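Undergrad: let me see the structure of the following:
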Amino acid sequence: MCGRSDFDDEHGDVLINPLIIFEVLSDSTEHDDRGRKFHSYLTIKSLRQYVLVSTDEYLVEYFRRDGDQWFYSKAVNVEATLALAAVSCELPLREIYYQVDLPA
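TA: Down below sits the predicted model:
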């Protein structure tokens, strides 16, 4: 169950208690998204899933927290489904990549 959203300041543009963080990978950000930022995000107590969305292929990688452990999974190809356990939801890759033209 989701609790109250807590923000960094009065502007309300930085959520400090997210359940899920999505990163859309690019050549210029992928190293940080998988490294420094990822390790920083692991310290967020509320975070339950960290999702990396490829822009080169139909691939979504995700890390799911279970207690103190993190587990890696991936959804590959446009017919796959991303399990978002943190919010009891499944999201088809077809919808994530809606109107994105990638080789099948």
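
Undergrad: what segments of this protein are helices?
TA: For the chain, the helices defined by DSSP state H cover 30-34, 36-41, 93-96.

Undergrad: now the chain, which segments are flagged as low pLDDT?
TA: Filtered on pLDDT under 70, the chain yields the residue ranges 1-3, 5-14, 16, 104.

Undergrad: quick one, what contacts the most centrally placed residue in it?
TA: Central residue of the chain (Cα atoms, centre = their mean): V51, 2.1 Å from the mean position. Going by Cβ atoms under 8 Å, 6 or more residues apart in numbering, V51 touches 20-23, 60-63, 82, 84. All C-beta atoms are positioned from the backbone trio N, CA, C, and that covers glycine.

Undergrad: coming back round to it: how about JSON lines for the helices of the chain, with mean neighbour count and distance to Q69 added?
TA: Listed next are the helices of the chain as JSON lines, based on neighbours: other Cβ atoms under 10 Å; distance: least, Cβ to Cβ, whole Å:
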{"stretch": "helix 30-34", "mean neighbour count": "14", "distance to Q69": "19"}
{"stretch": "helix 36-41", "mean neighbour count": "12", "distance to Q69": "15"}
{"stretch": "helix 93-96", "mean neighbour count": "15", "distance to Q69": "25"}
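
Undergrad: nearest to F71, out of those?
TA: Closest of those to F71 is helix 36-41, at 14.1 Å (criterion: Cβ to Cβ).

Undergrad: not counting the closest one itself, show me its contacts.
TA: 21, 23, 47, 50, 63.

Undergrad: what's the burial count for the closest residue to the fourth one other than its chain neighbours?
TA: Sequence neighbours aside, F63 is the residue nearest to Y50 in space, at 4.5 Å (criterion: Cβ to Cβ, 6 or more residues apart in numbering). F63: 18 surrounding residues under other Cβ atoms under 10 Å.

Undergrad: roughly how far does F63 sit from H31?
TA: Here the criterion is Cβ to Cβ, to the nearest Å. By it, F63 lies 17 Å from H31.
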